[in-house]
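Engineer: please work out how this folds:
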Amino acid sequence: MRAHESTITVHFWNLAAYTNGQLVGDWVDLDQCKDLDDFEAKVKAVTKGAEELLVSASECDFGITFSEYSDLGSIWEAHSALLEILEDERDAFAEYLAYIGGVESLDECVRSWRDAYCGRFNSIEEYAWSFAEDCYPDLANVPPGFRVEVDTATWESDHWISATGNVFRSI
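Structural biologist: Model prediction:
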């Protein structure tokens with residue numbers, strides 16, 4: 001993957017043609033579009049100027065998906081938002097977006113995700129120790145046999161960890 005790509009591609013159908021049994025549409029790669037106007041022009045070209053569109057499929061390396069009737073503006077907003085995220089944090093952004101409600105919650109996700117994202121860890125316990133050592137640097141000097149156990153149930157009430165190890169604060 002090249003830098004500054006959202007990797008979002010969407011397949012559009014001309015809805016009127018589709019309901020009449022004709023398949024008029026194709027894939028549009030948002031990384032190949034300069035701006036929203038260019039994106040809209042490419043969609044119009046592949047759907048032969050359709051007034052109504054149907055999103056039949058979408059692909060993204062970061063797991064972002066769209067509903068069948070997503071409007072072009074919200075698809076472009078998701079693409080633009082993903083471009084603003086650091087490359088090594090994009091999978092975390094996509095997981096957070098899915099957690100808070102998908103593309104329909106994009107505005108909320110963009111506003112809150114930086115405050116919610118804590119980093120990538122192997123477990124909540126590892127995150128808790130990292131957090132504690134940041135707050136109390138002397139904890140790093142305590143021998144492992146003298147460390148207390150972390151109450152992971154309490155930490156999990158305020159945080160959640162994805163399957164890939166991204167930790168988020170519950171907001």
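
Engineer: now the helices for the protein?
Structural biologist: Assigned by DSSP state H, the chain shows helices spanning 15-19, 36-46, 72-84, 90-100, 106-116, 124-135, 152-158.

Engineer: from the contact counts, what lies against the fourth one?
Structural biologist: Taking 3 or more Cβ pairs under 8 Å, 6 or more residues apart in numbering; DSSP states H and E as the contact definition, the neighbouring helices and strands of helix 90-100 are helix 72-84, helix 106-116, strand 117-120, strand 166-169. In short, each C-beta sits where N, CA and C put it, glycine included.

Engineer: what comes up buried for the longest one?
Structural biologist: Going by neighbour count (16 or more other Cβ atoms under 10 Å), the buried part of helix 72-84 is 72, 75, 76, 77, 78, 79, 81, 82, 83.

Engineer: then the second one?
Structural biologist: Residues of helix 106-116 classed as buried by neighbour count (16+ other Cβ under 10 Å): 106, 109, 110, 112, 113, 116.

Engineer: now the angle between helix 90-100 and it, please.
Structural biologist: Angle of helix 106-116 versus helix 90-100, following axes from the mean of the first three to the mean of the last three Cα atoms, to 10 degrees, is 120 degrees.

Engineer: measure the residue positioned nearest the centre of the chain to residue 117 for me?
Structural biologist: Geometric centre of the chain, nearest residue: residue 94, 1.6 Å, by Cα atoms, centre = their mean. Between residue 94 and residue 117 the distance, using Cβ to Cβ, to the nearest Å, works out to 12 Å.

Engineer: between those two, which contacts overlap?
Structural biologist: With Cβ atoms under 8 Å, 6 or more residues apart in numbering applied, the contact sets of residue 94 and residue 117 do not overlap.

Engineer: okay, and for this protein, where does confidence drop off?
Structural biologist: 1-4 (pLDDT under 70).

Engineer: and with 80 instead?
Structural biologist: For the chain, the stretches flagged by pLDDT under 80 are 1-4, 140, 144-148, 171.

Engineer: before we move on, the earlier item: tabulate the helices and strands packed on helix 90-100 (CSV), appending distance to residue 127.
Structural biologist: Below are those laid out as CSV (distance: least, Cβ to Cβ, whole Å):
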stretch, distance to residue 127
helix 72-84, 25
helix 106-116, 13
strand 117-120, 6
strand 166-169, 5
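
Engineer: these: which one's closest to residue 90?
Structural biologist: Closest to residue 90 of these, according to Cβ to Cβ: helix 72-84, at 6.1 Å.
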